[in-house]
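Novice: Quick one, structure for this:
(one chain, ligands or ions: 2)
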Amino acid sequence: MDLEAVSKRSAFHAKPQGLILQYGTAGFRTNAQHLDHIMFRMGLLAVLRSKQTRSTIGVMVTASHNPEEDNGVKLVDPLGEMLAPSWEEHATRLASAEEQDLPKVLAAIVEREAVDPQQTAFIVVGRDTRPSSEKLSQSVIDGVTVLGGQFHDYGLLTTPQLHYMVYCRNSEGRYGQATIEGYCQKLSRAFVELMKQASCSGDGSRWVKVDCANGIGALKLKEMEHYFRQGLSVLLFNDGTEGRLNHLCGADFVKSQQKPPQGMAMKPGDRCCSFDGDADRIVYYYCDAAGRFHLIDGDKIATLISSFLKELLLEIGENLNIGVVQTAYANGSSTRYLEEVMKVPVYCTKTGVKHLHHKAQEFDIGVYFEANGHGTALFSEAVEARIKRLAQELEDEKGRAARMLASFIDLFNQAAGDAISDMLVIEAILALKGLSVQQWDAIYADLPNRQLKVKVADRRVISTTDAERQAVTPPGLQEAINDLVKKYKLARAFVRPSGTEDVVRVYAEATSQVSWDQSTDRVGNQGT
Ligand code: NG1
Ligand code: ZN
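Specialist: Ligands and ions are numbered 1, 2, ... in the order given. Have a look, this model is predicted:
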């Protein structure tokens, strides 16, 4: 490894003196102007990680649902997962090193992680549609090549597509072909197969309205729709031809504002969904005849999926261990419904998909979703092999259920939560069960809930435990929350420092909006 060459090249991507950024829940994220050095250095780090794991590593340039002027970067580990925690620390250290210290910090990582400098490295790069993304991804590639790494630049991709590519490349084709064509074909084939089984919807008349947040999701749906048109037509809104990325639209806007995106023509009963800016999140919604907006978030998506998978298992006669993973932000009604009605065990992890993903891997079938619509289902290798065998061996209804489950296994993106894949899963389940969007929504009633952001001098004074549901410090905060919450029926509230913004988040839910308004404001005041 030629560290002198790295130093020389780094001068073209010089770090602004004193700028310290941290590799957070979603990698690095800030205004795009401050990111050139970060990109170069993440190219370097990806090479080291690739050498150490002897696998292909992914680098995705995106800031997801953040405003268009922001950008960000995250590394994708060999099985399509988020970067391992110890390497997140290396990322922060490398990003914070002043120019003259860069070789030293690199050498320290090499030593600490026992990286073999002779090992080859292969990096795949993807980017979203932000104006800054192309140049920033070139800086990543600059970092990769100066350390002698090889690369493939996929150009424009959704975040979950890049995770898929990494997974495919490291599973020697067992998971699928590492091309856009391979992705489109794998998902569409499974989807069309499922739609043939749906009595009322296999005739090509099914459609859904999609708000693409003026982002990459629009491009990728246009590229893919002819593969699955037989089963579903997608009517695209906010496709990036006019509006700004994530501006008054997209999954994050719809979920946090609990109202429809701008630019979407909605008639009562229309089934609509929104992707976020890099198409790894999805939420559904509709308006009723009285014009009232109804949001169907990640919790209801998880409920629909896990209930359906459980039904299929019952039909096949397989007793597999299925679990649902949520975070503290999951609506209490969803947890109660899953545990008490569906009898599915529910687990709560810290916020951030890597925590949910890891927990979900513990089950034969693990379904995980954040309330904001980021999630997927994971199937253990043994389960996948068994179901695919049963799909060939069994006959009649059992065989039909096994073949459906086998198709669902292919339809889920098991590398990461994926708005396109999730949309096709949901559309297939609704069609197979003959459920309208209103019937899906009526599975249970969400408890009224709200989130606040509170600016504090130093958000790190708040530390939490019990999957972020209890505050440990500052002293007295949790007791104060407990006192407030016990005054309201089925009320729940918690505070935690955000991992992606310099704020403290306050969440509260209760049986009525009035009690919510009182309790959230009061809990929020505890935080100031
Ligand atoms: P923070 O800022 O740590 O709350 C937010 C989301 C997470 C996750 C990450 C990554 C909420 C409450 N939090 O994390 O769910 O999506 O961003 O993008 O939605
Ligand atoms: Zn996203």
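
Novice: Does residue 308 lie in a helix or a strand, and which?
Specialist: helix 298-316 (DSSP states H and E).

Novice: Just the CA trace of whatever helix or strand comes next after that helix, in PDB.
Specialist: Moving toward the C-terminus from helix 298-316, the first helix or strand encountered (DSSP H and E) is strand 322-327. Listed next in PDB are the C-alpha coordinates belonging to strand 322-327 (Å, rounded to 0.1, in the frame of the first residue of the first chain):
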ATOM      1  CA  ILE A 322     -41.600 -16.600  13.100                       C
ATOM      2  CA  GLY A 323     -40.800 -13.300  14.900                       C
ATOM      3  CA  VAL A 324     -41.600  -9.600  14.300                       C
ATOM      4  CA  VAL A 325     -39.000  -7.000  15.200                       C
ATOM      5  CA  GLN A 326     -40.000  -3.400  15.900                       C
ATOM      6  CA  THR A 327     -38.500  -0.300  17.600                       C
END
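
Novice: Do strand 322-327 and ligand 1 come into contact?
Specialist: No: Strand 322-327 stays clear of ligand 1 (CB under 6 Å from any ligand atom), getting no nearer than 6.7 Å. (Each C-beta comes from the backbone N, C-alpha and C, glycine too.)

Novice: Any buried residues in the next helix or strand after that strand, and which?
Specialist: On the C-terminal side of strand 322-327, the nearest following helix or strand under DSSP H and E is helix 332-336. Within helix 332-336, the residues scored as buried using 16 or more other CB atoms under 10 Å are 332, 333, 334, 335.

Novice: Can you tell me the closest non-neighbouring residue to the last one?
Specialist: Closest residue to residue 335 in three dimensions, ignoring its sequence neighbours and counting by CB to CB, 6 or more residues apart in numbering: residue 346, at 5.3 Å.

Novice: I'd like the next helix or strand past the helix or strand where residue 368 lies.
Specialist: Assigned by DSSP H and E, residue 368 falls within strand 365-369. Using DSSP H and E, the helix or strand that follows strand 365-369 in sequence is strand 375-379.

Novice: mind checking which helix or strand the residue in the stretch 1-150 of the chain that ligand 2 sits nearest to is in?
Specialist: The minimum distance from the stretch 1-150 of the chain to ligand 2, using CB to the ion, falls at residue 64 (3.2 Å). Using DSSP H and E, residue 64 sits in no helix or strand.

Novice: surely it meets residue 279?
Specialist: No: at 9.3 Å, residue 64 does not count as touching residue 279 under the criterion of CB atoms under 8 Å.

Novice: list the residues that contact both of those two?
Specialist: residue 159 (CB atoms under 8 Å, 6 or more residues apart in numbering).

Novice: before we move on, back to that, with pLDDT added, can I get the buried residues of helix 332-336 in a markdown table?
Specialist: Converted to a markdown table, those look like this (pLDDT from 0 to 100):
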| residue | pLDDT |
| --- | --- |
| 332 | 96 |
| 333 | 97 |
| 334 | 97 |
| 335 | 97 |
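
Novice: ok so, going back, could you pull up the contacting residues of the residue nearest to residue 335?
Specialist: 323, 324, 325, 326, 335, 338, 339.

Novice: residues near the residue nearest to the first one when sequence neighbours are not counted, how many?
Specialist: For residue 323, the nearest residue in space outside its immediate sequence neighbours is residue 363; the separation is 4.1 Å by CB to CB, 6+ apart. Around residue 363 there are 22 other residues, counting by other CB atoms under 10 Å.

Novice: how close does residue 363 get to ligand 1?
Specialist: Separation of residue 363 from ligand 1 (CB to the nearest ligand atom, to the nearest Å) stands at 21 Å.

Novice: ok, back up a step: quick one, what contacts the nearest residue to the residue of the stretch 1-150 of the chain closest to ligand 2 once chain neighbours are set aside?
Specialist: Spatial nearest neighbour of residue 64, chain neighbours left out: residue 278 (4.8 Å); criterion: CB to CB, 6+ apart. By CB under 8 Å, 6+ apart, the residues touching residue 278 are 60, 62, 64, 65, 128, 158, 159, 215, 216, 217.

Novice: Identify all contacting residues around the helix or strand where residue 6 lies.
Specialist: Following DSSP H and E, one finds residue 6 within helix 3-10. With contact meaning CB under 8 Å, 6+ apart, helix 3-10 is reached by 37, 40-41, 44, 99, 102-103, 106-107, 142-143, 146-147.

Novice: how does this structure divide into domains?
Specialist: Domain ranges of the chain: 3-156, 181-294, 298-441, 449-527, per automatic domain parsing.

Novice: picking that back up, okay, residue 64 and residue 279: which has more neighbours?
Specialist: residue 279 (33 against 27).

Novice: State the distance from the more buried one to ligand 1.
Specialist: On the measure of CB to the nearest ligand atom, residue 279 and ligand 1 end up 13 Å apart.

Novice: Regarding that residue, what is its secondary structure?
Specialist: The three-state assignment at residue 279 reads coil, by DSSP: H, G, I helix; E, B strand; the rest coil.

Novice: so who does whatever residue of the stretch 51-200 of the chain ends up closest to ligand 1 touch?
Specialist: Residue nearest to ligand 1 within the stretch 51-200 of the chain (CB to the nearest ligand atom): residue 64, separated by 5.7 Å. Residue 64 makes contact with 26, 29, 72, 159, 252, 276, 277, 278, 280, 281, according to CB under 8 Å, 6+ apart.
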